[in-house]
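Q: Following is a predicted model, sequence given first.
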Amino acid sequence: MTQPQSDQPSPYLPPPSGVPFGTPPPPEPAMPWAKAIAVTAIVFLVAGVVAGWAWQQFSPLAQYTVDENGGALGEEQMTRIFGPDGTFTAIGFITALVLGGALFWWLRNYGPWSVAIVALGAALGSGVAWGVGMLLGHDPIQPRLEAAKPGDLVAAPLELHTWTPAAAWLVGAALAAAIIAAATWRSEPVATTSQPGASETSPQVH
């Protein structure tokens, strides 16, 4: 005699949702391209303005000692010539690392395109920071040397001696994107169509 089957689902059966067991949740819908690019550009534009001001304020500048022949740098001041380069590098790398990581996480649904968006934003921030710093702190030294008196100290102009520090923004943003991409890739669940043995339907008893 066949026993009647119960209408209640077994607690060992997967829910009748039509989704295979172990399938990762669907990705969140991506925002419009225009909004993603606009927000990234605005964030790095503001960051570039602040970073340029900080570069002008906190860069150690070499001091020229004025004499009858013009201006000269002592041995101690020679070590400060590349101070603006180091300051620009440090500010740009830290700023891009933080903002690049946050924006890449926010735009991660775009896949590889999110890296391009963040990289372009970092390049924009680097250019704005350099422009703002030069606007605020780059005073040509020759007119100031001519107007100074012997014994006066004249600060060197704020400038980058090479373009390598400008790449610090790109390096920081790329590093943040690489770390987040590696972490999220390892944490993603692995989809599988196999079901555990306990989820199999128990045989009917006749």
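A: Looks like it arrived, so ask away.
Q: Low-confidence regions, this structure specifically.
A: 1-31, 186-206 (pLDDT under 70).
Q: Could I get the full set of helices for it?
A: For the chain, the helices defined by DSSP state H cover 33-58, 75-78, 83-106, 112-137, 141-147, 168-187.
Q: now the strand ranked longest in the chain: how far from the chain's centre is it?
A: Longest strand in the chain by number of residues (criterion: DSSP state E): strand 63-67. Chain-centre distance of strand 63-67: 40 Å, with Cα atoms, centre = their mean, to the nearest Å.
Q: neighbouring strands for that strand, and are they parallel or not?
A: strand 70-72 (antiparallel), strand 153-155 (antiparallel) (DSSP bridges).
Q: Out of the helices of the chain, flag the one nearest Leu160.
A: helix 83-106 (5.7 Å; Cβ to Cβ). Quick note: C-beta positions are derived from backbone N, CA and C, even for glycine.
Q: any idea of the angle the closest one forms with helix 112-137?
A: 150 degrees (axes from the mean of the first three to the mean of the last three Cα atoms, to 10 degrees).
Q: Which residue, other than its chain neighbours, is closest to the most centrally placed residue in the chain?
A: Relative to the mean C-alpha position of the chain, the nearest C-alpha, by Cα atoms, centre = their mean, is the one of Gly100, at 1.8 Å. Spatially, and ignoring its direct neighbours in sequence, Gly100 is nearest to Ala173 (3.1 Å; Cβ to Cβ, 6 or more residues apart in numbering).
Q: Ala36 now?
A: Per Cβ to Cβ, 6+ apart, closest to Ala36 is Leu107, 5.6 Å.
Q: Ala122 is in contact with the residue nearest to the centre of the chain, correct?
A: Yes - between Gly100 and Ala122 there is a contact at 5.9 Å, judged by Cβ atoms under 8 Å.
Q: picking that back up, quick one: contacts of the longest strand of the chain?
A: By Cβ atoms under 8 Å, 6 or more residues apart in numbering, the surrounding residues in contact with strand 63-67 are 71-74, 77, 80, 141, 145, 148-156.
Q: What are the buried residues along it?
A: Residues of strand 63-67 classed as buried: Gln63, Tyr64, Thr65, Val66 (neighbour count, 16 or more other Cβ atoms under 10 Å).
Q: again with stretch 141-155
A: In stretch 141-155, counting by 16+ other Cβ under 10 Å, buried: Ile141, Arg144, Ala148, Val154.
Q: Kindly provide the distance from the first one to Ala155.
A: This points to Ile141. Separation of Ile141 from Ala155 (Cβ to Cβ, to the nearest Å): 8 Å.
Q: Alright, calling it a day.
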